[in-house]
Every structure is written in C-alpha cells, then in structure tokens.
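J.: need coordinates for the below:
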Amino acid sequence: MQGAAPRAPTPGTINVFGADQILAKVKFAGGNAIGPQIEMELTNVMFRPGNPIGLIQDEWGQLHLTGEVLADETGIFGTITHPDTTLVSPLVDMYYLGKGIVSIQLASDTGGTYRDLGNAPTFEFVPNVTTLPHYSSRHGVRIKDLEIIHEKAASLNLVLDEFTYDNLMLVFLGTVGP
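T.: Here you go, the predicted model:
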C-alpha cells in the first residue's frame, strides 16, 4: 500500500504587529512520567512578544512568548487540578519532573476548540503578589503590625519549538496578510 501523495505547501503572509492584542484561553495537560499529572487552565491570557525572535542562529530556533494572565469576571485567574487530594507529604512519588501539552483557544476562534502549540520546552506560570504593610506608631520604634495582599497579578512564559504559521501569528501579534 502506498502512502498519500505529499501535500503541497500553502504559503501565508503575516502582518507584523497587525493585531492590537491577542486574547486566548490556555490549557496545560501534564504528560510527565515522574510526579502528579497536573492540569491547568487559564481562562483569559493576553499574549505579547517578550524576547527577540531569532531567525539567524546556530542553535535550534525557539519562539518566546509571554502572556499576561488576567482575572475573569469572578476574580479567578484560572484553575489547577491535582489528580489525588488524599496524598500527603512526605511522599517521594510526588516529586515532579514536568512535561506536558500546551494548547490555546483564541478568543477570536468562533469554533471554540483548543489548538496544540506543539513542543513547548518551557511553560511557566509567574505569580506577582504585591503587599501593603502597615506600621504602628504607638511606641518608640515603629513596628509592623499588619500586612495585606494589595495586588494579585500573574504572567505566563512559553517557549515554543515549532515555527508554524499559527505560532508565528502569536509571537508577531500578527494578522493575516494580503
């Protein structure tokens, strides 16, 4: 039995910085052999280019992408699911060597399906919590008597190995060209 005939490539042009913003849902599905297979879903991520995009280099090319994780209308940034809530430390079976599949669903995608981003050697959720301290001035030396969380924010760092048309659209804030 013969294989299918090779598919002819379809070229596509991207308008660099053609989009003002790209919003998407992001899903991480753990595929690791060591540790729990954690799942994470971030419901509102605004993507932006974050690093140089190397088109000439002596190493494998990588696309670095940063996303600002935004809260939804309920104030939640997303969810993370652990496969077993009954396990307690110490437990060496819960050491973690992360692997997994990253996919996105663009807000502009009316079909509502997630798209696999391909090999992603880096998927980092970066929390940023700002606190507001309070000091009492009732005694000779000012002392801290309270500290509250004043701001919550998070970002997402992704590194993608595959220079597909759709991945390039993300890192270049692209729109479909002429």
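
J.: Phe123: neighbour count?
T.: Counted with other Cβ atoms under 10 Å, residues neighbouring Phe123 total 19. Every residue, glycine included, has its C-beta placed from N, CA and C.

J.: Leu158 touches Pro121, doesn't it?
T.: No: contact criterion Cβ atoms under 8 Å: Leu158 and Pro121 do not qualify, at 9.4 Å.

J.: buried set for the host helix or strand of Asn167?
T.: Following DSSP states H and E, one finds Asn167 within helix 165-171. Residues 166-171 are the ones in helix 165-171 that count as buried (16 or more other Cβ atoms under 10 Å).

J.: quick one: which of Leu158 and Pro121 has more around it?
T.: Leu158 (26 against 11).

J.: got the contact list for that one?
T.: Residues counted as contacts of Leu158 (Cβ atoms under 8 Å, 6 or more residues apart in numbering) are 64-67, 102, 117, 120, 122-124.

J.: just these now: which is nearest Ile34?
T.: Checking the contacts of Leu158 against Ile34 by Cβ to Cβ gives Phe123 as the nearest, at 16.1 Å.

J.: which SSE is that closest one in?
T.: Going by DSSP H and E, Phe123 is in strand 122-136.

J.: okay, buried residues for that strand please.
T.: 123, 125.

J.: can you check what angle separates the top strand by length along the chain from strand 122-136?
T.: Longest strand in the chain by number of residues (criterion: DSSP state E): strand 143-160. Using axes from the mean of the first three to the mean of the last three Cα atoms, to 10 degrees, one finds that strand 143-160 and strand 122-136 are set 170 degrees apart in direction.

J.: mind listing what's buried along strand 143-160?
T.: 154-156, 158-160.

J.: is the residue of the chain most remote from its centre in a helix, a strand, or coil?
T.: Centroid-distance maximum for the chain: Gly140 at 48.3 Å, with Cα atoms, centre = their mean. Secondary structure for Gly140, judged by DSSP: H, G, I helix; E, B strand; the rest coil, is coil.

J.: same check, this time on Gln105
T.: strand.

J.: neighbours around His139, how many?
T.: With other Cβ under 10 Å as criterion, His139 counts 7.

J.: count of neighbours near Leu106?
T.: Leu106, neighbours per other Cβ under 10 Å, totals 19.

J.: what does Gly18 give?
T.: 13.

J.: same check, this time on Pro6
T.: Pro6, neighbours per other Cβ under 10 Å, totals 6.
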